[in-house]
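Q: here is a sequence together with a model predicted from it:
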Amino acid sequence: MKENDTITAVKQWVETVIINLNLCPFAKKVYVNDQVRFAFSAAENEEDLLLHLHTELKLIEEDKSIKTTLLIHPFILNDFNAYNQFLAYADNLLEEMDLTGIYQIASFHPDYQFANTQVNDVENFTNRSPYPVLHIINEADVELAISTHPDIDSIPIRNEQLMRDLGPEKMQAILQACLA
């Protein structure tokens, strides 16, 4: 698996799914302004991934031109349950670095599954990505975006309806196309 191919697939996913389907109405602005960092991690164990996450958190803290980072880690946490459990370590790292309340880690995974859903429920596709991704988000940017959006509560409702309208087969095909 090549770094460039992996990053290209995730960029394609951001463009095709997140921006073009408008799953996140705030993504396009930072993407077109080149404020999204796509970082590839070759980590093969959780300790190395935490070290890479630590490095990315320091970088985003120091470089204010980066608004958000997608840390792509294709070699580890491919099992969604293991990935989901790892998120607690990511949150602990934020706490250890005194970054709780400043940054948050959003989660995207090829097998993402919300609580109280079935594996094949279409709403899971709102958080499915070509590879496992830890998304570092600046909470102040989130708060600003929320405060300027006319109806923030409508976003998840709209997204779930869109996923139902497209259906799981279409969404799976879109994800697969990102890997091509």
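A: Cool, the structure landed.
Q: with only the CA atoms kept, save the helix or strand of the chain with the lowest mean pLDDT in CSV.
A: Using mean pLDDT, DSSP states H and E, helix 139-148 stands out as the lowest-scoring helix or strand of the chain, at a mean of 90. Extracted in CSV, the C-alpha atoms of helix 139-148 (Å, rounded to 0.1, in the frame of the first residue of the first chain):
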residue,chain,number,x,y,z
GLU,A,139,-13.1,22.9,18.7
ALA,A,140,-13.2,26.7,18.3
ASP,A,141,-13.6,26.2,14.6
VAL,A,142,-16.5,23.8,15.3
GLU,A,143,-18.2,26.3,17.6
LEU,A,144,-17.9,29.1,15.1
ALA,A,145,-19.3,26.9,12.3
ILE,A,146,-22.2,25.8,14.5
SER,A,147,-23.0,29.4,15.6
THR,A,148,-23.2,30.5,12.0
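Q: that one - contacts with which helices or strands?
A: strand 103-108 (3 or more CB pairs under 8 Å, 6 or more residues apart in numbering; DSSP states H and E). Every residue, glycine included, has its C-beta placed from N, CA and C.
Q: and stretch 111-125, average pLDDT?
A: The predicted model gives stretch 111-125 an average pLDDT of 94.
Q: now the terminal residues of it, how far apart.
A: Stretch 111-125 has an end-to-end distance of 9 Å (CA to CA, to the nearest Å).
Q: buried set for the least confident helix or strand of the chain?
A: residue 145 (16 or more other CB atoms under 10 Å).
Q: quick one: contacts of that helix?
A: 26, 67, 68, 101, 102, 103, 104, 152 (CB atoms under 8 Å, 6 or more residues apart in numbering).
Q: next: stretch 46-61.
A: 37, 39, 41, 43, 66, 68-69, 71, 73, 76-77, 86, 89-90, 93-94, 97, 99, 102-103, 105, 134, 136, 138.
Q: just the angle for the least confident helix or strand of the chain relative to strand 103-108, thanks.
A: 70 degrees (axes from the mean of the first three to the mean of the last three CA atoms, to 10 degrees).
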